[in-house]
Structures are given as C-alpha cells and as structure tokens.
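Q: just need the structure, nothing else, for what follows:
(one chain, ligands or ions: 1)
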Amino acid sequence: MRSIVKNNNKINGKVILVGAGPGDPDLITVKGVNALRRADVVIYDYLANDKLLAKCRAEAEKIYVGKKGGEHTLSQDQINRLLIDKAKTTSVVVRLKGGDPLIFGRGGEELLALKENNISFEVIPGVTAGTAALAYAGIPATHRAEATSVSFITGHEDPNKPESGLNWKAIARMNGTLVFYMGVKNLPTIVARLCKNGKLPTTPAAVIHWGTLPGQRTVQGTLANIEVRVQQENIKPPALIIVGEVVNYRNAMNWFEHLPLFGRRVVITRARAQSSELVRELESLGAEVIEFPTIKIIPPQSWQALDRAITDIAKYDWIVFTSVNGVEMFQQRLNHYDRDVRKLAKTKIAAIGPATAERLRLIGVRADLIPEKFVAEELAALIRKQGTLKGQRFLLPRADLARSLLKDELEKSGAIVDEIVAYRTTLAAADKDKVLHELNNRKIDAITFTSSSTVSNFVDMVGKDQLNCLDDVVVACIGPITQNTAEQLGIDATITAQEYTIPALVDEIVSYFQSINLEGKS
Ligand code: SAH
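A: Now for the predicted structure:
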C-alpha cells in the first residue's frame, strides 16, 4: 500500500496510527503487527513496549519521541511536524502509541495535524490500559450487580485550576467503575473530590502500576486508605486508579500476579537467535526475562570439511546431529549445492534432544534415534543396539568447541568417525555492565545456562573475579554437562534439569520457586 495521496504533484506516504497495547507485547492487534512489518519509519512513545520494534524490518527507521514523567524528548508540535515530514519522504509511517492511540494519547491532535497537511492516515485501535490492566489485576471493569458502567477519566488536571473541567458531582454519583488515567500525582485531590461530592470513604479502590507487564504492582484498599497504601508501596506512574465495588473481585480473580514465576527476574544467556522458546515459556509463567546473550553462532572458518562431507554423504552410515545449529548449517550447505534431503535416503540419523529432532522434521527428516540425554556413553550404547558399529562410518557435524567423547566412544566400538566443525560459537558482544549491576544488587532471581559455552562465555564476559555476583542467584543448568562446566569454573548449580530440554529446565525452575513460595520466603 504505497503512495496514496497526490499533493502538489508530490506523492505522500501514509501515517498509520497504531495502538501498541498496554505493555505486554502480545497484546497488540494482528493488524497492528502487520503495519509494523511494513513500516519504513516507526515513531514510538515511552508507553509502547519497545520489544515490538523487533517486528519491524531491520532497515526501518525507529525514532523515539517518548515522554517520561514530565520530560519530553519532543514537544507535541514537533512530533506532529516529524510525522508530516516523514510522510512526505517515505511510504509507510507508523505512529506507535501505548494502549489505544485515541484514548488519552493525543492521537486526535496528530490526526488533525495530518489532515491539515493533506496527509492520509489510518487508525489501528489498541487494547487500552483501562481495561487490560484491570483484567491482569483480576478486576472486572463491569459486573452485573455492582457496576453497570465504566468511565475513563483523566487524572491529569492541574489541582490548582480554579474550575475543574470535570463534573465531580456527576462522577461521584455514578455507580459504575471509575478508571483514572495519569492520576497518581493527583491521587489526594481525586480522593478528596470524590468524597466531598458524596462517594463513601469505604468505596473500594485500587492502583495498578505497569499493568500487564512482569513488573505489575497493585495496591488495593478503599478511598479512605488508598493514598497511604500507595505511599507505603511507593507506587509511581504509570498507573491507573480504579474506584468501585468491582475492586473486591480481585480477591477471587487475581490470576496474573499468582502465576508461578510472577515477579521473578530471570537472566538467559543463550544466543538471541535461539532464545525465543525459553523466553516464551518463562514469560508465559509470569517471569520477567532479561536477555544476556553470551554466545553468537557463526559459520566455521572454512566450509571445506562440511562441503566435502556433503559431497560424499552416501559413504556415511550415520549422521549424529547434536544441536539445532548443526542441522541449520548442514541444511544451508545442502541448499548451497542445490541439493536436498533425498541425499540422506540411505543414511541413518540420530538427533540429540527433541529440539534437534524437531528442527530436522522441519526439513523433512525423521530421525531414527532421538536420545533425550546427551551423554556420550549412553548414546553410543543406544546406537550399538541398532547393530554392530564395526566399520560403520559416522558423520558428526558439531560446534568447534564441543567435546569429542562421543567420537571416542564410537571409535572404541570400531566405528570410523568424522567429526566436522559445522559452526562456531563466539563471545557475544552483549553489554555486561547492566546485568552485572542488577546481579550485584540482588535484582535477579535466577540465571539459566543452556550449554557449556554459555557458562564459559559468561565467565569470560563478567570476569572470574566477579562470580560472587551469583551468590544469591538461582543457577539453573540444562543438563549434567553444563552443570559440570559450571562447577569447574566455580559456579554452583542450584538446579539441573533431569532431561536435556527447555521445558524440563523451565519445570525445574518453577518447582524450585514454588517450593520457596511454600516456605513463605521470596
Ligand atoms: N493511550 C493509552 C493511555 C495514555 S495516557 C492507553 O490507551 O492505555 C498514559 C496513562 O495511561 C498513564 O499515566 C497511566 O495512567 C495509563 N497507563 C498506560 N499504560 C499503563 C499500564 N501498563 N499500567 C498502568 N497504567 C497505564
């Protein structure tokens, strides 16, 4: 959808005003994501989760124009100007705003400015904080008996203004739910005005900070004590104030804050390209994930050895894939030579762990053997069960640093083994200072290691003399080999998964924190 409006012979692009949703990046609409995917420029706010920028094309220009507290990066006029200028030079400009763009987001002002300048636009609504944060705090916005209406009200009015723009008498009389946006600073005034105009001090009230995100915090009380509670809990903006009987349902309906990993902050150290499953699983259980990739996957120094093996693939009786990366690199080289998996018709295939097997299935290969654990002795024994190994030829595409115990084991039984470097792992260039600071300040609950290289790279990155940063942190390892590496490097593993898989690792983390919760500690 390019080049819509002709204006003085110039062809303008279009601005799409997109609601980013309340915080949880999964709460954007499908249409909103599609707009991000085709954006040439994205102009985004403080309340729009910047994780959403990952949906954009790498070459899309991303411009932050947010305002935090009272600090603006650009004034509203400057933002309007920027939208107009960008629309005149690019095709698709996405204006990404928190929640719904037309609910207290000044989206209307932006549309008027575009209209005046003959720039065409579309609006993609979003899930507003005023319903989503309530849902995540276990508060129904309406409920049959107690609340038959819900009002979204600005809490941002200057309390010293002689005449309020709001009809407080009418507001106080409403029996429905009142939701105040931008009202934390004015909470005392809001409470005073409601009570002065007839709301009972016993009316239930709640304040929700960073709703729908792992850092969500909710305080609950009544109009009489909500101010004190907010102060005690040091709740800051952004937050919503909810007033009405529906707040009491939170006792029964609060689900998000009861997820097993809610409030837990977990560092994951695997390569960014491989982290999505672990991130998704941890987040769906309520954890806040801090990505600290210690590894980057890169091609081998030369493709020669792998290419030769692929050319001669028919000579191998077995290929043992030990990782998803090995499968990916193998596939890449097959493609490079315009070949496909039919070349493997006569070869038996072993895949270590279900993730490797799944990756093979994606290229149409069903592994003959899928051992759960990567323990060389056990794997060799399993292969032996399939027939004698004497004189059998094995191809092991693996990482440059992987251990060669499997080769030794197989050779002991008379197999002929070619170990080939299919990819290398290098130290990722992640910014260590922030994570180290959080670890040292006890802001992290757990750290996960999903391979030996994640451990050794972590140690290289933070430095051996800094390892006491892990003293109070739960160290979770994916399997015994990783645990071993950790221990050799001076890191005590708290948890080791029974099975070499991400779901098993996550299960162990959940059980660990559940047992801690049961003990009443946190
Ligand atoms: N357009 C946005 C609102 C922008 S006004 C929407 O539809 O949600 C900014 C105010 O919204 C904040 O001061 C706060 O009151 C509220 N808000 C936005 N996101 C929030 C969140 N995740 N949790 C709690 N309040 C939020």
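Q: quick one: contacts for the closest residue to N197 other than its chain neighbours?
A: Among residues not flanking N197 along the chain, A172 sits closest, at 3.5 Å (CB to CB, 6 or more residues apart in numbering). From N, CA and C alone the C-beta is placed, and that goes for glycine too. Contact analysis of A172 by CB atoms under 8 Å, 6 or more residues apart in numbering lists R193, L194, C195, K196, N197, G198, K199.
Q: show me the contacts for V279.
A: I268, V289, E291.
Q: interface residues of this structure facing the ligand?
A: 22-23, 47, 97-100, 103-105, 128-129, 133, 181-182, 208, 210-212, 237-240 (CB under 6 Å from any ligand atom).
Q: who wins for most neighbours among the contacts of V279?
A: The most neighbours of any of the contacts of V279, using other CB atoms under 10 Å, belong to I268, which has 24 neighbours.
Q: any weak-confidence spans in this protein?
A: By pLDDT under 70, the low-scoring segments of the chain are 1-10, 69-70, 372-375, 402-403, 520-522.
Q: what about the residue nearest to R173 when sequence neighbours are not counted, distance to G176?
A: Setting aside the residues directly before and after it, R173 is nearest to G198 in space (CB to CB, 6+ apart), at 6.4 Å. Using CB to CB, to the nearest Å, G198 is found at 15 Å from G176.
Q: those two: which is more packed in?
A: G176 (18 against 11).
Q: so what's that one up against?
A: T142, A147, T148, S149, V150, S151, G244.
Q: can I assume the first one is in contact with S151?
A: Looking back up the chat, that one is T142. No: taking CB atoms under 8 Å as the definition, T142 is not a contact partner of S151, at 10.8 Å.
Q: need the overlap of contacts for the two.
A: In contact with both T142 and S151: G176, T177, using CB under 8 Å, 6+ apart.
Q: now whichever residue of the stretch 351-500 of the chain sits closest to the ligand. Nearest residue, chain neighbours left out?
A: Across the stretch 351-500 of the chain, the shortest distance to the ligand (CB to the nearest ligand atom) belongs to K443, at 20.2 Å. Excluding the flanking residues, the one nearest K443 by CB to CB, 6+ apart is R265, at 6.3 Å.
Q: so what does the helix ranked longest in the chain touch, helix or strand wise?
A: Longest helix in the chain by number of residues, with DSSP state H as the criterion: helix 502-518. Under the contact definition 3 or more CB pairs under 8 Å, 6 or more residues apart in numbering; DSSP states H and E, helix 502-518 sits against helix 276-284, strand 446-449, strand 474-477, strand 495-496.
Q: strands of the stretch 301-450 of the chain, residue ranges please.
A: For the stretch 301-450 of the chain, the strands defined by DSSP state E, counting those that start in this stretch occupy 318-321, 348-351, 393-399, 416-427, 446-449.
Q: repeat that for the stretch 101-250 of the chain.
A: 120-124, 150-154, 177-181, 204-209, 217-222, 239-243.
Q: and V459, which of the ones you listed is closest to it?
A: Nearest to V459 among the strands of the stretch 101-250 of the chain is strand 217-222; the distance by CB to CB comes to 34.4 Å.
Q: contacting residues around that closest one?
A: So strand 217-222 is contacted by 137, 201-210, 226, 228-230, 233, 235, 247, 250, 254, 257 (CB under 8 Å, 6+ apart).
Q: and the contacts of V279, which is closest to the ligand?
A: Proximity of the contacts of V279 to the ligand (CB to the nearest ligand atom) peaks at V289, which lies at 17.6 Å.
Q: sorry, back to before: so which of the contacts of strand 217-222 are in helices?
A: A137, I226, V228, R229, V230, R250.
Q: on that earlier part again, and the strands of the stretch 101-250 of the chain as TSV, adding mean neighbour count?
A: Converted to TSV, the strands of the stretch 101-250 of the chain look like this (neighbours: other CB atoms under 10 Å):
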stretch	mean neighbour count
strand 120-124	18
strand 150-154	17
strand 177-181	24
strand 204-209	25
strand 217-222	20
strand 239-243	26
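Q: dump the ones you listed to JSON lines, plus distance to K385.
A: Below are the strands of the stretch 101-250 of the chain laid out as JSON lines (distance: least, CB to CB, whole Å):
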{"stretch": "strand 120-124", "distance to K385": "57"}
{"stretch": "strand 150-154", "distance to K385": "65"}
{"stretch": "strand 177-181", "distance to K385": "64"}
{"stretch": "strand 204-209", "distance to K385": "58"}
{"stretch": "strand 217-222", "distance to K385": "55"}
{"stretch": "strand 239-243", "distance to K385": "61"}
